[in-house]
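Undergrad: Got a sequence here, can you build the structure:
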Amino acid sequence: MDTAVFRAWIGSAAAVIEANRDHLTQLDAAIGDADHGINLARGFAAVTAALDGADGADGTAGSRPATPGAVLTLTGSTLISTVGGASGPLYGVAFRRAGKALGAAATVDLPLLGEALEAALAGVQQLGAAREGDKTMVDALAPATRAFGKAIGDGAATADALSALAEAAAAGAAATISMQARKGRASYLGPRSVGHEDPGAASTALILTALRDVVAR
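TA: Got it, this is the predicted structure:
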């Protein structure tokens with residue numbers, strides 16, 4: 001998987017977040033600030049512009065990232081600077097940690113991608129102090145990363161490993177419906193947070209599914 005694949009992934013993620021903007025916002029309206037979809041769509045629109053080499057808001061000249069790691073690092077930095085609330089820092093650290101793990105590699109194989117996902121998960125957990133079962137994006141990212149690692153260990157082909165990644169993320173997001181939130185604004189609702197899908201887990205599943213779909217094409 002080369003730079004073009006990673007650029008296509010982020011572009012596809014931006015499109016799917018935009019398409020699901022209202023749905024994600026409705027999920028957040030039930031247990032949060034009702035702005036997750038709006039904020040994330042705005043952030044990914046800014047990411048798309050940044051990846052295309054658009055000049056920054058501060059007037060700095062833009063440039064197109066040359067490696068997969070640079071694509072993810074720029075994605076993370078842009079999300080941090082444009083997305084409000086907890087989503088910007090959490091997604092920002094995830095993409096930046098993943099980009100750092102990829103380093104200057106021109107192409108990325110499955111084991112290296114697995115390392116990047118593990119780095120992303122570690123960054124999110126460190127920043128958000130969340131564990132599986134807390135009803136956060138970790139509940140999608142952790143099982144997805146675990147399933148991907150298992151698929152690699154079993155010798156799965158790229159398409160099959162990425163399918164395992166996406167399916168585990170979707171299942172993890174769905175599993176948050178029955179959980180009581182223990183982190184973030186949703187935790188203030190206590191038992192009333194049960195019965196609602198976590199918007200961060202839902203958006204995580206959409207982003208990882210976009211990666212599977214891009215590589216499948």
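
Undergrad: quick one, helices of the chain?
TA: 3-19, 21-31, 36-51, 68-82, 87-102, 110-128, 138-153, 158-175, 199-216 (DSSP state H).

Undergrad: which secondary element of the chain has the worst mean pLDDT?
TA: Least confident element among the helices and strands of the chain, by mean pLDDT, DSSP states H and E: helix 21-31 (a mean of 89).

Undergrad: helices or strands up against that helix?
TA: With contacts defined as 3 or more C-beta pairs under 8 Å, 6 or more residues apart in numbering; DSSP states H and E, helix 21-31 has these neighbours: helix 36-51, helix 199-216. From N, CA and C alone the C-beta is placed, and that goes for glycine too.

Undergrad: okay if I get those helices as JSON lines plus mean pLDDT?
TA: Listed next are those as JSON lines, based on pLDDT from 0 to 100:
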{"stretch": "helix 36-51", "mean pLDDT": "93"}
{"stretch": "helix 199-216", "mean pLDDT": "96"}
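
Undergrad: can I get these in TSV with distance to Ala166 and mean neighbour count?
TA: Output for the helices and strands packed on helix 21-31, formatted as TSV (distance: least, C-beta to C-beta, whole Å; neighbours: other C-beta atoms under 10 Å):
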stretch	distance to Ala166	mean neighbour count
helix 36-51	18	22
helix 199-216	4	24
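
Undergrad: What are the buried residues along the least confident helix or strand of the chain?
TA: Arg21, His23, Leu24, Thr25, Leu27, Asp28, Ala30, Ile31 (16 or more other C-beta atoms under 10 Å).

Undergrad: ok, residues contacting it?
TA: Residues outside helix 21-31 that contact it (C-beta atoms under 8 Å, 6 or more residues apart in numbering): 17, 34-38, 40-41, 181, 185-186, 189, 193, 196-199, 202-203.

Undergrad: residue contacts, Thr48?
TA: For Thr48, the contact set (C-beta under 8 Å, 6+ apart) comprises Ile10, Gly11, Ala14.

Undergrad: Please apply the same query to Ala106.
TA: The contact partners of Ala106, taken as C-beta under 8 Å, 6+ apart, are Asp2, Thr3, Thr67, Pro68.

Undergrad: Drop the exposed ones from these and show what's left.
TA: Buried, going by 16+ other C-beta under 10 Å: Thr3, Thr67, Pro68, out of these.

Undergrad: one step back: tell me which of the helices and strands packed on helix 21-31 approaches Gln125 most closely.
TA: Of all these, helix 199-216 sits nearest to Gln125, with 12.9 Å by C-beta to C-beta.

Undergrad: by contact count, what packs against the closest one?
TA: helix 3-19, helix 21-31, helix 36-51, helix 87-102, helix 138-153, helix 158-175.

Undergrad: Minimum distance to Thr82: which of the helices and strands packed on helix 21-31 has it?
TA: Across these, Thr82 has its closest neighbour in helix 36-51 (4.4 Å, C-beta to C-beta).
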